[in-house]
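>>> below are the sequence and a predicted model for it; my questions follow.
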Number of protein chains: 2
Amino acid sequence: MAPGPISIIRSTDVVRVVHSPADASLAADRLRPNGPVVMVPTMGALHDGHVSLIQRAHSLGASVVVSIFVNPLQFGDKADLAKYPSDIDRDLAACRDANVDLVWAPSVDHMYPSGFATRVTVSGVSEPYEGRHRPGHFDGVATVVTKLFSVIRPDVAVFGAKDFQQVAVIKRLAIDLGLPVTIDVAPTVRDHDGLALSSRNVRLDPLARTQALAIPRSLRAASSAWQSGVRGRGELEAIVTAELVDLDVDYVAVVDPSTLSERTNDTGSVVVLIAATVGDVRLIDNVVLG
Amino acid sequence: MAPGPISIIRSTDVVRVVHSPADASLAADRLRPNGPVVMVPTMGALHDGHVSLIQRAHSLGASVVVSIFVNPLQFGDKADLAKYPSDIDRDLAACRDANVDLVWAPSVDHMYPSGFATRVTVSGVSEPYEGRHRPGHFDGVATVVTKLFSVIRPDVAVFGAKDFQQVAVIKRLAIDLGLPVTIDVAPTVRDHDGLALSSRNVRLDPLARTQALAIPRSLRAASSAWQSGVRGRGELEAIVTAELVDLDVDYVAVVDPSTLSERTNDTGSVVVLIAATVGDVRLIDNVVLG
């Protein structure tokens, strides 16, 4: 997150921060005349992966709005919610350095006021994998994203490819509800050792960090096998699983990238999805092949 | 629906009609610079009650958008859906005469394209009364209204007070999802004999029509009792029920107008809710007391 030249020039600036949905809506409306508004929804604990999303957002529009909200509705496991890292001052500094035009950091009461009773659910693509292992997770995601989009009304919203199934759910949601937003997917940013950047990585101790590298290694093995002509789903899954023997694996799946179904489409392109726990940190990753 | 002087002047005009969500969104955006966009969501079969909503909409903003969509998602009973009246040419003429700026008449495929998988649900206020008697009805309403609002992005949306519980559900939905729209409620329009206007009334034969008048009569009885100082919920319910002996009553309820709970708030205002079937036509009506 070292600031480049432009960031240095702006480093004395303050970033505009709003909290209530009403203030956020008004502030976004003031940005709209400048051109397309691009939103980057986050749960804070910003890392270089988020910065790359923000840079991508700048290239896609005139103004960039970052939301920072650790959404309790998407955490079935309240212990996981309690452990989720948070440092708002650091996040605001990162947004300022990345020339973010507006930060929306609502409280839980702002998002879910007394009497809150609405849920948005997406069936189908939300059900396997993360949906099965984190019941209610995607209901929470769909509900909060609908609200984030309703309030900011972005022309484009940028999500990271690391959360592959989340992106599929949000694309379905946006089509189904006619949300006037383009969902843009940014490539996963990896650390020098190959581990996908994640806010949860700060909770890995050195041993767990080393063990976690089995995940990107397994995806590289799948890519190599694919390049050598291996196409069988079972074969690819076995290659990946063999690399993950020391981890507590939730699932390894080789599925169609559009439907997440085990029947792949005619183009033969597949995505390898992984979720595994290392120490007490649950990590997900994926690679698209073909 | 006799046209007034202004309607006569414009009666040779055509009303602008769009069908796809994308066209509707663009057309609404073109109206936005003129000032507030006011939406009147309908299921067609327009009657003078709808015309009064449209007139009210004109008084609230610069442009009026009427949607015409018989939403299959809110009909649990497919026979009821099949019987729902429909006459698009007559509806478009009514919109033209009422100076509607834009009619959005999507097809079922436009609203629910192949693979549609999203539901919006509102718990609590949607559960008793209509919710209990028409399972899934308010999920269908909440889902379609979220989509209608997402596509048109109206500043104000006008709903009729006859659908009292529907209005409560939509108000909750709009607050919860941060939908940037004001929900306006227009008084129920009644025919000369007191029957609340409803698209379903065309299906009443003369005998059923006469029997149906027990509904407004029962509400007038409740109002008189209230004016004479009667406040007991049970007493008011008994007075209403006594008038409805010849009808097949789903429910008579005297409840808090904001929460629809049986515990009324301190101001002592209540709403009397009725649903009853006459012949094979299910009718609802209500009156707020105090």
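Yep, that arrived. Numbers count the residues shown, from 1 in each chain, chains lettered A, B, ... in the order given.
>>> list the contacts of stretch A:219-238.
Contacts to stretch A:219-238, defined as Cβ atoms under 8 Å, 6 or more residues apart in numbering or on different chains, come from residues A:194, A:239-240, A:242-243, A:252-255, A:262, A:264, A:268, A:270, A:272, A:274, A:285-287, A:289-290. Just so you know, the C-beta spots here come from the backbone N, C-alpha and C atoms, and that holds for glycine as well.
>>> please redo it, this time with the cut-off set to 6 Å
Residues outside stretch A:219-238 that contact it (Cβ atoms under 6 Å, 6 or more residues apart in numbering or on different chains) are A:239-240, A:243, A:252, A:254, A:272, A:287, A:289.
>>> same thing with stretch A:58-67?
A:28, A:31, A:34-41, A:54, A:57, A:95, A:100-104, A:148, A:152, A:156.
>>> now, the contacts of stretch A:219-238 that are in strands?
Taking DSSP state E as the definition of strands, those contribute A:252, A:254, A:272, A:287, A:289.
>>> run a quick neighbour tally on the second one.
Yep, that's A:Val254 we're talking about. The number of residues packed near A:Val254 is 23, by other Cβ atoms under 10 Å in any protein chain shown.
>>> per-residue confidence at it?
If you check A:Val254, the pLDDT there is 96.
>>> and the gap between it and chain B?
22 Å (Cβ to the nearest Cβ, to the nearest Å).
>>> look up how far A:Val240 lies from that residue.
8 Å (Cβ to Cβ, to the nearest Å).
>>> repeat that for the last one.
When Cβ to Cβ is applied, the distance between A:Leu289 and A:Val240 equals 11 Å.
>>> pick out whichever of these two has more residues nearby.
Taking neighbours as other Cβ under 10 Å, A:Leu289 and A:Val240 compare with A:Val240 leading, 26 against 19.
>>> for stretch A:191-204, give the mean pLDDT please.
Stretch A:191-204 comes out at a mean pLDDT of 96.
>>> that stretch: end-to-end distance?
14 Å (Cα to Cα, to the nearest Å).
>>> quick one: that stretch to chain centroid distance?
Taking Cα atoms, centre = their mean, to the nearest Å, one finds stretch A:191-204 lying 14 Å from the centre of the chain it belongs to.
>>> and stretch A:90-98, by the same measure?
The answer for stretch A:90-98 is 18 Å, by Cα atoms, centre = their mean.
>>> which parts of that stretch are buried?
A:91-98 (16 or more other Cβ atoms under 10 Å in any protein chain shown).
>>> may I have that stretch as PDB, with CA atoms only?
Presented in PDB, the C-alpha positions along stretch A:90-98 are these (Å, rounded to 0.1, in the frame of the first residue of the first chain):
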ATOM      1  CA  ARG A  90      -6.000   2.700   8.700                       C
ATOM      2  CA  ASP A  91      -8.800   2.100   6.200                       C
ATOM      3  CA  LEU A  92      -9.600   5.800   5.800                       C
ATOM      4  CA  ALA A  93      -5.900   6.500   5.300                       C
ATOM      5  CA  ALA A  94      -5.800   3.800   2.600                       C
ATOM      6  CA  CYS A  95      -8.900   5.300   0.900                       C
ATOM      7  CA  ARG A  96      -7.400   8.800   1.100                       C
ATOM      8  CA  ASP A  97      -4.100   7.500  -0.400                       C
ATOM      9  CA  ALA A  98      -6.100   5.700  -3.200                       C
END
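>>> and the closest residue to A:Met43 other than its chain neighbours, how far from A:Arg119?
Spatially, and ignoring its direct neighbours in sequence, A:Met43 is nearest to A:Val70 (4.8 Å; Cβ to Cβ, 6 or more residues apart in numbering or on different chains). Distance from A:Val70 to A:Arg119, counting by Cβ to Cβ: 18 Å.
>>> look at the two and report which has more neighbours.
Neighbour count, other Cβ under 10 Å: between A:Val70 and A:Arg119, A:Arg119 has more, with 20 against 16.
>>> my reading is that the more buried one lies in a strand. Confirm?
Yes: assessed with DSSP: H, G, I helix; E, B strand; the rest coil, A:Arg119 lies in a strand.
>>> ok, it touching A:Val141?
No: contact status for A:Arg119 versus A:Val141: not in contact, 11.2 Å apart, counting by Cβ atoms under 6 Å.
>>> distance between the ends of stretch A:199-211?
Termini of stretch A:199-211 sit 17 Å apart (Cα to Cα).
>>> likewise stretch A:74-86?
Start-to-end, stretch A:74-86 (Cα to Cα) is 16 Å.
>>> near chain B, which residues of chain A show up?
Residues of chain A lying near chain B by Cβ under 6 Å from any Cβ of the partner chain: A:21, A:25, A:116-124, A:146-147, A:150-151, A:172-173, A:176-180.
>>> and the residues you listed, which are buried?
Buried among those by 16+ other Cβ under 10 Å: A:21, A:25, A:116-122, A:124, A:146-147, A:150-151, A:172-173, A:176-180.
>>> wait, the residue nearest to A:Met43 sits on A:Ala45?
No: contact criterion Cβ under 6 Å: A:Val70 and A:Ala45 do not qualify, at 8.3 Å.
>>> got any ranges where the stretch 51-200 of chain A has weak pLDDT?
Along the stretch 51-200 of chain A, the model assigns pLDDT under 70 to no residue.
>>> which stretches of it form strands?
A:63-68, A:102-104, A:118-122, A:156-160, A:182-186 (DSSP state E, counting those that start in this stretch).
>>> just so I know, which of the ones you listed lies nearest B:Ala208?
B:Ala208 sits nearest to strand A:118-122 of all the strands of the stretch 51-200 of chain A, at 37.4 Å, using Cβ to Cβ.
>>> mind listing what the one residue in the stretch 151-290 of chain A that gets nearest to chain B touches?
In the stretch 151-290 of chain A, the residue that lies nearest chain B is A:Asp176 (3.7 Å; Cβ to the nearest Cβ). With contact set as Cβ under 6 Å, 6+ apart, A:Asp176 has these partners: B:116, B:118.
>>> and A:Leu179, what is it in contact with?
A:149, B:150.
>>> A:Val271 too?
Neighbours of A:Val271 in contact, by Cβ under 6 Å, 6+ apart: A:257, A:286, A:288.
>>> what pairs with the closest residue in space to A:Gly44 that isn't next to it in sequence across the strands?
Nearest residue to A:Gly44, sequence neighbours excluded (Cβ to Cβ, 6+ apart): A:Ile68, at 4.3 Å. With DSSP bridges applied, A:Ile68 shows beta-bridge pairing to A:Thr42.
>>> give me the residue from the stretch 1-150 of chain A nearest chain B.
For the stretch 1-150 of chain A, Cβ to the nearest Cβ, closest residue to chain B: A:Thr118, 3.7 Å.
>>> now the closest residue to that residue other than its chain neighbours: how far from A:Ser126?
In this structure, A:Thr118 finds its nearest non-sequential neighbour in B:Asp176, 3.7 Å apart by Cβ to Cβ, 6+ apart. Remark: distance between B:Asp176 and A:Ser126 (Cβ to Cβ) = 20 Å.
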